[in-house]
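**Q** pasting the structure only:
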């Protein structure tokens with residue numbers, strides 16, 4: 001079992017619009033919109049040049065401890081590995097998946113953080129690569145600005161579109177009981193909740209939040225990109241519904257779960273994301289909710305912001321692979 005540790009709270013990565021939405025159930029006023037675009041300030045008048053003072057006696061040079069040498073890696077791109085046969089006993093269907101591994105994964109002998117990224121309804125496990133995720137991570141690795149990570153991209157299949165929940169056969173159970181054990185068995189991963197994240201697009205965003213809000217002992221961060229939430233309790237029972245969990249999950253405020261949500265201004269999913277955000281805000285639970293002025297519920301929008309998504313997931317993870325724990329030892 002992975003140790004249960006707490007995670008630092010979320011900060012912003014790139015300029016965008018923040019929204020803490022208006023919910024009739026929340027104390028008023030709670031709405032606040034901030035445009036985080038730097039505005040040039042007025043140039044201050046020049047100050048008078050001070051008179052020269054006597055040069056002090058130089059102090060001894062401070063000895064600086066050298067920083068860790070970056071892991072030597074001559075690969076510029078990671079790999080996407082395909083697992084076309086992954087028979088789920090729970091779903092009774094083949095739920096294949098792809099896995100992105102960073103450059104020099106096989107030679108580094110290091111344990112890597114993990115992100116599970118879920119696709120939207122009517123898409124497949126290739127959606128995240130299609131919108132540029134691999135290119136973003138490869139470039140971030142070369143520039144030394146994004147954390148190297150293992151990214152698991154499963155096909156959600158028929159069961160992923162079914163509104164069935166435990167104890168019935170459910171996509172939640174597929175993730176927790178089949179996919180995660182397989183990834184931990186076959187890949188060298190850093191197996192604590194601080195270094196596991198889950199996110200998704202549209203329907204995938206629903207599953208990401210339903211899982212993370214109920215299992216913050218497993219996931220330290222959750223992302224919902226145009227996440228398709230519903231307030232219909234006939235479709236999703238309150239115990240599994242992110243909109244209800246935002247109000248009623250008693251442990252959520254203390255869980256330290258990092259949360260990120262976003263949508264374009266013309267995205268139909270925005271109504272329920274605003275409701276979700278306002279319910280968290282009414283409880284004082286930190287999260288990031290970005291509304292971009294341009295964008296609909298489509299891949300044009302998601303591909304324009306995939307770099308922000310990946311920066312969020314890896315924000316607290318080591319950028320230098322040399323700082324990762326050894327794969328030759330048990331996971332911390």
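**A** Yes, it's here. Fair warning: this is a prediction, and the values are worked out from it, not measured in the lab. Numbering: from 1, shown residues only.

**Q** pLDDT of whichever helix or strand residue 207 is part of, averaged?
**A** Element membership of residue 207, judged by DSSP states H and E, is helix 203-214. Helix 203-214 comes out with an average pLDDT of 98.

**Q** so which elements touch that helix?
**A** Identification of packing neighbours for helix 203-214 by 3 or more Cβ pairs under 8 Å, 6 or more residues apart in numbering; DSSP states H and E yields strand 114-118, helix 171-173, strand 196-201, strand 221-225, helix 242-248. No exception for glycine: its C-beta is placed from N, CA and C like everyone else's.

**Q** now the phi/psi pair for the closest residue to residue 107 other than its chain neighbours, please.
**A** Closest residue in space to residue 107, ignoring its immediate chain neighbours: residue 73 at 7.9 Å, by Cβ to Cβ, 6 or more residues apart in numbering. Residue 73 adopts backbone torsions of phi -140, psi 120, taken as degrees, to the nearest 10.

**Q** for residue 73, what are its contacts?
**A** For residue 73, the contacting residues are 103, 104, 107, 108, 321, by Cβ atoms under 8 Å, 6 or more residues apart in numbering.

**Q** then residue 99?
**A** 80, 81, 83, 150, 151, 152, 153, 183, 187 are the contacts of residue 99 under Cβ under 8 Å, 6+ apart.

**Q** confidence score at it?
**A** pLDDT recorded at residue 99 is 98.

**Q** enumerate the beta-bridge partners assigned to it.
**A** With DSSP bridges as the criterion, residue 99 is bridged to residue 81, residue 152.

**Q** give me the number of residues near the closest residue to residue 231 other than its chain neighbours?
**A** Among residues not flanking residue 231 along the chain, residue 243 sits closest, at 5.5 Å (Cβ to Cβ, 6+ apart). Using other Cβ atoms under 10 Å, residue 243 has 21 other residues around it.

**Q** quick one: residue 243 from residue 226, how far?
**A** 15 Å (Cβ to Cβ, to the nearest Å).

**Q** quick check: longest helix of the protein.
**A** When the chain is parsed with DSSP state H, its longest helix is helix 299-313.

**Q** quick one: buried residues of it?
**A** Residues of helix 299-313 classed as buried: 299, 301-303, 305-313 (neighbour count, 16 or more other Cβ atoms under 10 Å).

**Q** wait, which of those is closest to residue 270?
**A** Closest to residue 270 out of the buried residues of helix 299-313 is residue 301 (11.4 Å), distances taken as Cβ to Cβ.

**Q** identify the residues contacting the closest one.
**A** So residue 301 contacts 226, 263, 264, 267, 292, 294, 295 (Cβ under 8 Å, 6+ apart).

**Q** give me the buried entries from these.
**A** Buried among those by 16+ other Cβ under 10 Å: 226, 263, 264, 267, 292, 295.

**Q** and these, which two are the farthest apart?
**A** Most distant of those, by Cβ to Cβ, are 226 and 292, 10.6 Å apart.
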